[in-house]
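S.K.: sequence? don't have it. structure:
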């Protein structure tokens, strides 16, 4: 088919539009990767801050000793749980 005035440059225009679309897609992908990177940095900083706060925060008081009145000892047996008072020694 011979080129005439109606389709002169249409292949060039099509190639230009295709290249522009590919460029827009590449820019969008780059922006998505940058956003994902900074989101990962923020989450990492939050986890590091929580770990640091847990490290510095005062520890809880120890649990009451089993010899404290009203505290029971319990252990699992093949038949189920067995609860013993602190006064009963086995």
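M.R.: Perfect, I can see it now. Quantities reported herein were computed from a predicted structural model and do not represent experimental measurements.

S.K.: I'd assumed residue 60 was in a helix, is it?
M.R.: No. Using DSSP: H, G, I helix; E, B strand; the rest coil, the secondary structure at residue 60 is coil, not a helix.

S.K.: report pLDDT for it.
M.R.: Per-residue confidence for residue 60 comes out at a pLDDT of 77.

S.K.: what's the local residue count around it?
M.R.: The criterion is other Cβ atoms under 10 Å. On that basis, residue 60 has 6 neighbouring residues. For the C-beta atoms, the positions are set from N, CA and C on the backbone; glycine is no exception.

S.K.: walking through this protein, point out its helices one by one.
M.R.: Secondary structure of the chain, counting by DSSP state H: helices at 10-56.

S.K.: any stretches of it with poor pLDDT?
M.R.: Confidence mapping of the chain against pLDDT under 70 gives the ranges 1-8, 63-71, 85-90.

S.K.: now do 80
M.R.: Counting by pLDDT under 80, the chain contains low-confidence residues at 1-9, 59-73, 84-90.

S.K.: how far away is residue 28 from residue 61?
M.R.: Taking Cβ to Cβ, to the nearest Å as the measure, residue 28 and residue 61 are separated by 55 Å.

S.K.: please say which of those two ends up with more neighbours.
M.R.: Under the neighbour definition other Cβ under 10 Å, residue 28 and residue 61 were set side by side, and residue 28 has more, 10 against 6.

S.K.: look up how far residue 35 lies from that one.
M.R.: For residue 28, the distance to residue 35 under the criterion Cβ to Cβ works out to 11 Å.

S.K.: go on, residue 26?
M.R.: When Cβ to Cβ is the yardstick, residue 26 and residue 35 sit 15 Å from each other.

S.K.: what do you get for residue 13?
M.R.: 33 Å.

S.K.: again, but for residue 14
M.R.: For residue 14, the distance to residue 35 - Cβ to Cβ - is 32 Å.

S.K.: residue 73 now?
M.R.: In terms of Cβ to Cβ, residue 73 sits 55 Å off from residue 35.
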